[in-house]
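Sequence first, then the predicted structure:
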Amino acid sequence: MFGTMGRRSLGDANHAAAVKGWVGEAFALPEGTTVMVTELACTEPGCPPIETVVAILDGPGSTRQFKVHKPIAEVDASDISGLARPGGADHHPDHLEVTR
């Protein structure tokens, strides 16, 4: 949740760091790979009100992006491991989505 002045709480920052760690483990990323985890409000029809976007920047021009249709604070290791499985979100619950 946002604290005063639109800043995230330390708990949220710690959970986002945990999500990044789960991404690194689940995708067996090399040391130094950039992982971005962002919580966004979605206003498009049929879109969940809050979603977490995970981006893996593998190198110049190579980015993998995933969405978990829930706030960062609710994302757990099984959500991330589900994205990394063969078939990824195509064979996982409705709250996961692969975007390119």
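Structure's in. What do you need? Numbers count the residues shown, from 1 in each chain.

Buried residues, stretch 46-55. List them.
P48, E51, T52, V53, V54 (16 or more other CB atoms under 10 Å). The way it works is simple: take the backbone N, C-alpha and C, and place the C-beta from them, glycine included.

Those residues into JSON lines, with extra columns for secondary structure, pLDDT and distance to A18?
Output for the buried residues of stretch 46-55, formatted as JSON lines (DSSP: H, G, I helix; E, B strand; the rest coil; pLDDT from 0 to 100; distance: CB to CB, whole Å):
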{"residue": "P48", "secondary structure": "coil", "pLDDT": "83", "distance to A18": "21"}
{"residue": "E51", "secondary structure": "strand", "pLDDT": "91", "distance to A18": "18"}
{"residue": "T52", "secondary structure": "strand", "pLDDT": "92", "distance to A18": "12"}
{"residue": "V53", "secondary structure": "strand", "pLDDT": "92", "distance to A18": "16"}
{"residue": "V54", "secondary structure": "strand", "pLDDT": "94", "distance to A18": "12"}
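
quick check, nearest of those residues to A16?
Distance to A16, by CB to CB, is smallest for T52 among these, at 8.8 Å.

pretty sure that closest one is touching V19, no?
Yes. Counting by CB atoms under 8 Å, V19 is a contact partner of T52 at 7.4 Å.

And E25, how close does it get to S81?
Distance, E25 to S81, by CB to CB, to the nearest Å: 8 Å.
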